[in-house]
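**Q** Quick check, what structure comes out for this input:
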Amino acid sequence: MVSKIRKCSCGRYTLKEVCPVCGEQTKYSRPARFSLEDRYGKYRRMAKKTIL
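**A** Okay, here's the model as predicted:
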């Protein structure tokens, strides 16, 4: 589960995907919690490999 709050590179927090102050893309403030029973970890790792 990912939190809804996002952080911009300018240091401001927002709920929007684009920062209302500087106009840059925002990222989630921190990663999801680690769980040994992660049902979607396999797919997240596959997506990370294809993006990078």
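
**Q** Output the below-cut-off pLDDT ranges for the chain.
**A** Applying pLDDT under 70 to the chain flags the ranges 1-3, 52.

**Q** just the helices in it please.
**A** 41-51 (DSSP state H).

**Q** From Ile5, how far out is Pro31?
**A** Using CB to CB, to the nearest Å, Pro31 is found at 13 Å from Ile5. From N, CA and C alone the C-beta is placed, and that goes for glycine too.

**Q** hang on, I meant Val18
**A** Taken as CB to CB, the span from Val18 to Ile5 is 15 Å.

**Q** got it, and Cys19?
**A** 13 Å.

**Q** quick one, which of these two is more surrounded?
**A** Cys19 (19 against 12; other CB atoms under 10 Å).

**Q** Would you check that the more buried one makes contact with Gly11?
**A** No. Counting by CB atoms under 8 Å, Cys19 sits too far from Gly11 to count as a contact (9.9 Å).

**Q** any chance you could map the strands in this protein?
**A** Counting by DSSP state E, the chain has strands at residues 6-7, 13-14, 27-28.

**Q** What are the contacting residues of the second one?
**A** By CB atoms under 8 Å, 6 or more residues apart in numbering, the surrounding residues in contact with strand 13-14 are Ile5, Arg6, Lys7, Cys8, Pro20, Thr26, Ser29.

**Q** Excluding chain neighbours, what is closest to the first one?
**A** Put plainly, it is Ile5. In space, and not counting its chain neighbours, Ile5 is closest to Ser29: 5.2 Å by CB to CB, 6 or more residues apart in numbering.

**Q** Pick out the residue closest to the middle of the chain.
**A** Residue closest to the mean C-alpha point of the chain, counted by CA atoms, centre = their mean, is Tyr28 at 3.3 Å.

**Q** beta partners for that one?
**A** The partner list for Tyr28 in beta bridges (DSSP bridges) reads Arg6.
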